[in-house]
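A.B. asks: Give the three-dimensional model of this entry:
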Amino acid sequence: MNNILLDEKVWFWVLLAIPVVLLLFFGLSLWKRRAQKRFTADRELLQKLTPHRSRFKPALKVIVLCLAIAFISLGLVNPKIGTKLETVKREGVDVVFALDVSKSMLAEDIAPNRMEKAKQLVTQIINNLGSDRVGIIAYAGSAFPQLPITTDYSSAKMFLSSMNTDMLSSQGTAIKDAIELAKTYYDDADQTNRVLVIVSDGEDHEGNAAEIAESAQEEGIRIFTIGVGTAKGGPIPLKKNGVIQSYKKDQEGETVITKLDAATLKAIAEEANGEYINGTNTQEVVDTMADNFNGMDKKEFEAKQFADFKDQFQWFIGAALLLLFLDVFLLERKTDWVTRLNLFNEKEKEKTASKS
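C.D. replies: Coordinates of the predicted model:
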């Protein structure tokens, strides 16, 4: 049994070009017909003036063009057919990343800014994972599930790239909410090793995060914290179209300086049998996390069936190019050998018309 997977469904929108082409064709045909009637009302005279003009070729060219557009759309969608099914057993660790998306992450005390640095760190950690499962949480004044536990690293990195400081309306840094939400990510039936990686500047305006971390440790969740920012800190830029307009100010009109709170992050990691890592050096963070993951017992979790999908886009793109090639050489004048076949009894019609 074959399974069909559509890779990039968004390219189906290209099919909207077909009705546009048809509308233009019918509009142009109507305009030509009206122009010919103004030129001469005698249909027989018009046929004598344009003896080689085909009535069917223009429509045929449009049909060929529409088919080419349809095949281009299918090629871009990239249908995949899976013929080989196999059961794959995987072993690894469940890793949930909790990413701070509060406005303080816009500070540029670490290049290019804390938010982009945090996304870079998580991406590189994911790139170095083996068969572990990953999940993503976004949090600011509250926590929001961004991606449930999955083995699809491509999806994880796609969701990660779209995260920004505007995705949550409630501001603040509710680390405890992120920890509580992370508890719901793990499947009790699988009993896998559980890791929560918090990537933040550590500014916890809610408090009690260390206490929540201790309760998480009691449920078998190890928490690693990665600090993004500097102790010196920096202002929070307010940008418009990528250009800094001003900096965030407090109620007294003073510029807010946000600083890395490493102490809070260290306390959370200690309470949950984890480790605090400074996020300045990307490679150091990746190596440290890899060492920790490798030191954990890998437990087997869910056996899934994966299809060996093969790309089929080349057939559709090839057909589209062939049709476009034919369209270029398909002239609107009559084809001599087709005329000799007299498929539509045109010769008899011409004789009758001449006698009358």
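A.B. asks: Going by residue numbers, what spans are strands in this protein?
C.D. replies: 3-6, 79-100, 133-139, 143-150, 193-200, 221-227, 234-235, 237-240, 243-247, 257-258, 276-278, 299-311 (DSSP state E).
A.B. asks: can you put those strands in TSV and add mean neighbour count?
C.D. replies: From N, CA and C alone the C-beta is placed, and that goes for glycine too. Listed next are the strands of the chain as TSV, based on neighbours: other Cβ atoms under 10 Å:
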stretch	mean neighbour count
strand 3-6	13
strand 79-100	18
strand 133-139	25
strand 143-150	17
strand 193-200	26
strand 221-227	26
strand 234-235	20
strand 237-240	12
strand 243-247	11
strand 257-258	18
strand 276-278	20
strand 299-311	13
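A.B. asks: any idea which of these scores lowest on pLDDT?
C.D. replies: Ranked by mean pLDDT, those bottom out at strand 299-311, with a mean of 62.
A.B. asks: What pLDDT is listed against the closest residue to Ala68 other than its chain neighbours?
C.D. replies: Take Ala68 and drop its neighbours on the chain: the residue closest to it by Cβ to Cβ, 6 or more residues apart in numbering is Leu323, 3.9 Å away. pLDDT for Leu323: 90.
A.B. asks: do the same with Gln47
C.D. replies: We have a pLDDT of 59 for Gln47.
A.B. asks: In CSV, list the strands of the chain along with distance to Leu16.
C.D. replies: Compiled in CSV, these are given as follows (distance: least, Cβ to Cβ, whole Å):
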stretch, distance to Leu16
strand 3-6, 17
strand 79-100, 19
strand 133-139, 33
strand 143-150, 31
strand 193-200, 41
strand 221-227, 45
strand 234-235, 46
strand 237-240, 33
strand 243-247, 35
strand 257-258, 47
strand 276-278, 49
strand 299-311, 24
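A.B. asks: who wins for proximity to Asn292 among these?
C.D. replies: Across these, Asn292 has its closest neighbour in strand 221-227 (6.8 Å, Cβ to Cβ).
A.B. asks: what bits of the stretch 201-350 of the chain have low per-residue confidence?
C.D. replies: 204-207, 301-309, 331-350 (pLDDT under 70).
A.B. asks: mind listing the helices for it?
C.D. replies: Taking DSSP state H, counting those that start in this stretch, the helices of the stretch 201-350 of the chain run over residues 209-218, 262-271, 282-294, 313-329, 336-341, 346-355.
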